[in-house]
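Novice: Just a sequence and a predicted model for now, questions to come.
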Amino acid sequence: MSPLVLFSFVIGYFLLLLGVAWYTSRNADNESFFIGNRNSNWMLVAFGMVGTSLSGVTFVSVPGNVGDINFNYFQLVIGYVLGYAVVAFILLPLYYRMNLTSIYTYLENRFGVNAHKAGAFFFILSRTVGATARLYLVINILQLFILDKLGIPFLATALVILTLILLYTFEGGVRTIIFTDTLQTSGMLIGLVACLLVLVQALGTDVTGAWQLINEKGYNQIINTDVNSPFNFWKQLLGGMFITITMTGLDQEMMQKNISVRTLKDSQKNVMTLSFILVIVNALFLLLGAVLYLYAASTGLTAKGDDLFPTVALSDAFSGTIGVIFIIALISALFPSVDGAITSLTSSFCIDILDFNHSKAEEQAKRKKRLRVHLSFALVFLLMVLLFKIINDKSIIQFIIKFAGITYGPLLGLFSFGILTSRIISNSWVWPVCVGGPLVTVILDLLCNPSYYEKLLHMNLGLANLSTSLFDGYKIGPELILINGFFTFVGLFLISKPAIKKG
């Protein structure tokens with residue numbers, strides 16, 4: 001299928017999103033933008049959050065990683081379910097009891113202003129980098145397989161896509177995103193199943209036959225018992241659990257949607273429903289990855305990793321059969337993670353940094369300031385996407401997990417210390433502790449896994465021998481976030497004192 005036809009489908013999809021945005025953003029105010037007037041339907045939120053949780057990175061990188069780590073990723077998914085239970089039954093009751101608009105307001109109530117600002121800062125940093133990494137991946141695929149052939153430069157593609165995202169999130173915010181995410185999640189899941197069925201048929205077999213081939217190749221191996229491997233079962237299980245606690249329960253973007261639901265009970269149903277849907281969807285992505293590698297091996301294709309799925313889907317062999325499905329599903333997977341990110345970053349900056357909750361300004365003045373912040377984050381996203389283009393890392397999902405482990409660690413330390421202890425911390429020492437924890441974690445990870453950083457920085461750091469002598473081949477995996485949270489927790493304990501007992 002010609003690039004022009006594929007591009008026309010992309011434009012048509014955007015027009016549909018703009019139509020939904022226009023309808024849902026009528027009479028919207030700041031309360032609508034930030035938390036949807038606390039009137040969202042939990043079933044819509046749960047279904048829409050599937051797309052937010054997965055993103056275009058999952059759509060491309062999870063299948064692409066099957067060739068290297070088989071179904072080891074599913075160990076992380078099992079950990080996700082445990083993490084969602086913690087979010088539903090420990091964190092959500094806290095947020096609803098305090099009637100929060102920004103979850104980082106809890107940190108100010110518990111510790112003081114510096115903790116509040118530090119929590120918001122690390123969220124803003126992590127979400128900005130994570131969302132732009134996901135955005136870069138999808139833009140790069142559209143660029144390589146469609147827009148380069150039309151003579152459209154990468155910068156123009158990034159600029160147009162961000163402008164379109166701005167157009168449909170500018171007014172409605174969360175209220176609009178609840179509906180657009182539902183539409184986009186539907187597109188992603190339909191595309192996933194359709195691509196899987198077409199590829200199974202291309203192998204000349206059915207689903208049962210495909211599973212037998214997958215078993216013969218060993219792709220369906222889930223459990224990894226190698227203690228030194230970053231994909232060891234216990235590392236993945238604990239890592240997945242704490243990644244979910246932090247990247248969902250301590251993340252303003254994800255919680256902004258959850259606390260927009262009418263009641264705590266409905267919000268808890270939303271979270272647990274989401275967790276079980278994600279198990280099924282991630283299993284389908286892994287199955288798709290195995291089928292893709294079987295197809296590539298049978299046809300002599302050498303593409304792998306993030307390049308595998310788009311190379312197969314947009315190849316001449318299918319004459320556009322799954323090309324359109326892939327493109328629509330890919331951008332459907334992308335936008336729930338990007339539109340929600342820009343909206344939540346705007347909300348967090350306005351509430352946590354600009355202190356909208358205590359501002360005496362008129363509603364209209366706040367609105368103008370909010371729109372300027374929203375536009376500024378879109379510009380930051382553009383610059384970050386261009387930076388990722390320069391770096392050109394081929395395995396984005398591993399980078400996102402590692403960066404999240406580094407930046408969400410202080411949030412894990414702050415919230416866990418606040419919930420699990422009653423101690424009072426020294427407000428002036430919060431920033432050194434929250435910066436020091438990630439720095440120590442990065443140094444430890446660098447010494448433990450220098451090859452990753454050498455690949456990322458395109459240079460030899462000469463630390464391989466030191467790493468072997470210190471850690472005897474041990475590699476830190478998703479448990480990085482737990483290590484980081486532990487360092488922050490210990491640091492907070494050292495700058496704290498027992499609470500004064502009343503009476």
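Specialist: Alright, I've got the coordinates. All values reported here derive from a predicted model rather than from experimental measurement. Residues are numbered from 1 along each chain as shown.
Novice: Let's test this: mean pLDDT of stretch 19-39, rounded?
Specialist: The average pLDDT within stretch 19-39 is 59.
Novice: Stretch 400-411 too?
Specialist: Stretch 400-411 shows a mean pLDDT of 85.
Novice: Same question for stretch 146-154.
Specialist: Regarding stretch 146-154, the rounded mean pLDDT is 85.
Novice: before we move on, what about stretch 312-329?
Specialist: Mean predicted lDDT for stretch 312-329 stands at 76.
Novice: hmm, who's touching it?
Specialist: 1, 5-6, 9-10, 13, 59, 142, 145-146, 187-188, 190-192, 194-195, 198-199, 202, 292, 295-296, 299, 301, 303, 309-310 (CB atoms under 8 Å, 6 or more residues apart in numbering). Heads up, the C-betas are built off the backbone N, CA and C, glycines and all.
Novice: Keeping just the C-alphas, turn it into CSV.
Specialist: In CSV, the C-alpha atoms belonging to stretch 312-329 read as follows (Å, rounded to 0.1, in the frame of the first residue of the first chain):
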residue,chain,number,x,y,z
VAL,A,312,6.8,-7.2,8.8
ALA,A,313,3.5,-5.3,9.0
LEU,A,314,4.5,-2.8,6.3
SER,A,315,6.2,-5.3,4.0
ASP,A,316,5.0,-5.9,0.4
ALA,A,317,4.1,-9.5,1.4
PHE,A,318,0.9,-8.4,2.9
SER,A,319,0.0,-5.8,0.2
GLY,A,320,-1.4,-3.5,2.9
THR,A,321,-3.5,-6.2,4.6
ILE,A,322,-2.2,-5.3,8.1
GLY,A,323,-0.3,-2.2,7.2
VAL,A,324,-3.3,0.1,7.8
ILE,A,325,-4.3,-1.9,10.9
PHE,A,326,-0.7,-1.6,12.3
ILE,A,327,-0.5,2.1,11.7
ILE,A,328,-3.9,2.9,13.3
ALA,A,329,-3.2,0.5,16.2
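Novice: For it, buried residues please.
Specialist: Neighbour-count burial for stretch 312-329, counted by 16 or more other CB atoms under 10 Å, picks out 312-315, 318, 321-329.
Novice: is it true that Glu479 touches Leu238?
Specialist: Yes: look at Glu479 against Leu238 with CB atoms under 8 Å: they come within range, at 5.6 Å.
Novice: about what we covered before: mark which of the contacts of stretch 312-329 are part of helices, please.
Specialist: Here DSSP state H is the test, and the contacts of stretch 312-329 give 5-6, 9-10, 13, 59, 142, 187-188, 190-192, 194-195, 198-199, 202, 292, 295-296, 299, 309-310 as lying in helices.
Novice: List buried residues within those residues.
Specialist: Buried members of the ones in helices among the contacts of stretch 312-329, counted by 16+ other CB under 10 Å: 6, 9-10, 13, 59, 142, 187-188, 191-192, 194-195, 198-199, 202, 292, 295-296, 309-310.
Novice: got any ranges where the stretch 151-300 of the chain has weak pLDDT?
Specialist: Within the stretch 151-300 of the chain, the ranges that satisfy pLDDT under 70 run 168-178, 180.
Novice: I meant the stretch 1-150 of the chain, not that one.
Specialist: In the stretch 1-150 of the chain (pLDDT under 70), the answer is 1-2, 21, 24-44, 46-48, 51-52, 54-57.
Novice: quick one, strands of it?
Specialist: Remark: strands of the stretch 1-150 of the chain are absent; assignment by DSSP state E, counting those that start in this stretch.
Novice: what helix or strand does Arg372 sit in?
Specialist: Counting by DSSP states H and E, the element that carries Arg372 is helix 363-391.
Novice: In space, not sequence, find me the middle residue of this structure.
Specialist: Among the residues of the chain, the one closest to the centroid is Ser53, at 5.7 Å (CA atoms, centre = their mean).
Novice: So that one sits against Leu274, correct?
Specialist: Yes: in terms of CB under 8 Å, Ser53 counts as a neighbour of Leu274; the distance is 7.0 Å.
Novice: what number of residues lie near the residue nearest to Asn460 when sequence neighbours are not counted?
Specialist: Once flanking residues are discounted, Asn460 sits nearest to Glu454: 5.8 Å by CB to CB, 6 or more residues apart in numbering. Per other CB atoms under 10 Å, the neighbour tally for Glu454 reads 16.
Novice: surely Glu454 meets Gly462?
Specialist: No: using CB under 8 Å, Glu454 is not in contact with Gly462; the gap is 9.1 Å.
Novice: which residues sit against stretch 420-431?
Specialist: By CB under 8 Å, 6+ apart, the residues outside stretch 420-431 that reach it are 111-115, 118, 417, 492-493, 495-500.
Novice: Now with 10 Å, please.
Specialist: 107, 110-119, 121, 410, 414, 417-418, 433, 436, 489, 491-501 (CB atoms under 10 Å, 6 or more residues apart in numbering).
Novice: other SSEs contacting the next helix or strand after the helix holding Arg372?
Specialist: Next helix or strand after helix 363-391 toward the C-terminus (DSSP H and E): helix 396-407. In this structure, helix 396-407 makes packing contacts with helix 42-69, helix 113-142, helix 233-244, helix 363-391, helix 430-448, helix 450-457, helix 480-494, judged by 3 or more CB pairs under 10 Å, 6 or more residues apart in numbering; DSSP states H and E.
Novice: and helix 396-407, how far out from the chain's middle?
Specialist: Offset of helix 396-407 from its chain centre (CA atoms, centre = their mean, to the nearest Å): 10 Å.
Novice: Only the C-alpha atoms, please, for the helix or strand following that helix, written as PDB.
Specialist: Following helix 396-407 in sequence order, the next helix or strand is helix 409-420 (DSSP H and E). Extracted in PDB, the C-alpha atoms of helix 409-420 (Å, rounded to 0.1, in the frame of the first residue of the first chain):
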ATOM      1  CA  GLY A 409      12.700   6.100  43.600                       C
ATOM      2  CA  PRO A 410      12.500   9.300  45.600                       C
ATOM      3  CA  LEU A 411       8.700   9.200  45.300                       C
ATOM      4  CA  LEU A 412       8.700   5.600  46.500                       C
ATOM      5  CA  GLY A 413      10.900   6.600  49.400                       C
ATOM      6  CA  LEU A 414       8.800   9.700  50.400                       C
ATOM      7  CA  PHE A 415       5.400   8.000  50.200                       C
ATOM      8  CA  SER A 416       6.500   4.800  51.900                       C
ATOM      9  CA  PHE A 417       8.200   6.800  54.700                       C
ATOM     10  CA  GLY A 418       5.100   8.900  55.200                       C
ATOM     11  CA  ILE A 419       2.700   6.000  55.300                       C
ATOM     12  CA  LEU A 420       4.800   3.400  57.200                       C
END
